[in-house]
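Enquirer: Give me the fold of what follows.
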Amino acid sequence: MKKLTISRQLLYALVIILVITNIVTVFSVMRYLNDHKKQTTISESGDEAPGYHRTKAFSDELNLDKDQQYVFRELNRTFNQTANQIYRDLSHSRMALVDAMGQTNPDSLKLQTLARSIGDLHTELKMLTSDFYMGLKAVCSPEQQDLLFNMFRNLLNTEEDLNMPRGRGTGRGYGRLNQNNNQNNN
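Expert: Prediction:
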């Protein structure tokens, strides 16, 4: 008879644990759905869209008004869509170039064609960046244009370059990385 009471107590404890677990699960799901609904409402109202925080920081730095923000968002959306495709094409072209170089007898004509293709894609990306900059500059005040220039200068100075050893006789050591280290040591 004692075994039955211990079994019954275990059963009650298990039921209580399951009820608590179910209650916590229901509240978690409700909270998630409520948060998701709020987020969807904000996105649909246009206040917050993908990349909002990044564009907001840019917009805040330039102190753009509502009309300027609209132009900026449109320019940024177009830039990102096109630039992302160029980045994908660059990646494929680079891989094709490496694959071609890795062949036993690389075809120099194919290597030249791939190198030119990569150069053309870089040119296209830089022109796209110029168009974005000029489009935004056109709606900025002179003070904002100065800020914009400095922002772009800083962004473009931080582009990642492949740090390769420079040729002999340059006296500069190994690429930008070494130059930066030398500047920091002076």
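
Enquirer: What's the separation between residue 68 and residue 85?
Expert: Applying CB to CB, to the nearest Å, the value for residue 68 to residue 85 is 26 Å. No exception for glycine: its C-beta is placed from N, CA and C like everyone else's.

Enquirer: Compare these two (neighbour count), which wins?
Expert: Per other CB atoms under 10 Å, whichever of residue 68 and residue 85 has more neighbours is residue 68, with 17 against 12.

Enquirer: Helix, strand, or coil at that one?
Expert: Here residue 68 is recorded as helix under DSSP: H, G, I helix; E, B strand; the rest coil.

Enquirer: do residue 104 as well
Expert: Per three-state DSSP, residue 104 ends up coil.

Enquirer: For stretch 80-92, the averaged confidence score.
Expert: The pLDDT scores in stretch 80-92 average 91.

Enquirer: what does it contact?
Expert: 51, 118, 121, 122, 124, 125, 128, 129 (CB atoms under 8 Å, 6 or more residues apart in numbering).

Enquirer: If we use 7 Å, what do you get?
Expert: 118, 121, 124, 125, 128 (CB atoms under 7 Å, 6 or more residues apart in numbering).

Enquirer: Then stretch 124-134?
Expert: Contact with stretch 124-134 is made by 75, 79, 82, 83, 86, 152, as judged by CB under 7 Å, 6+ apart.

Enquirer: got the domain boundaries for this protein?
Expert: 1-42, 52-155 (automatic domain parsing).

Enquirer: for this structure, which helix is longest?
Expert: helix 2-45 (DSSP state H).

Enquirer: Tabulate the contacts of stretch 80-92 in JSON lines, adding columns for secondary structure and distance to residue 24.
Expert: Converted to JSON lines, the contacts of stretch 80-92 look like this (DSSP: H, G, I helix; E, B strand; the rest coil; distance: CB to CB, whole Å):
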{"residue": "118", "secondary structure": "helix", "distance to residue 24": "55"}
{"residue": "121", "secondary structure": "helix", "distance to residue 24": "53"}
{"residue": "124", "secondary structure": "helix", "distance to residue 24": "54"}
{"residue": "125", "secondary structure": "helix", "distance to residue 24": "50"}
{"residue": "128", "secondary structure": "helix", "distance to residue 24": "50"}
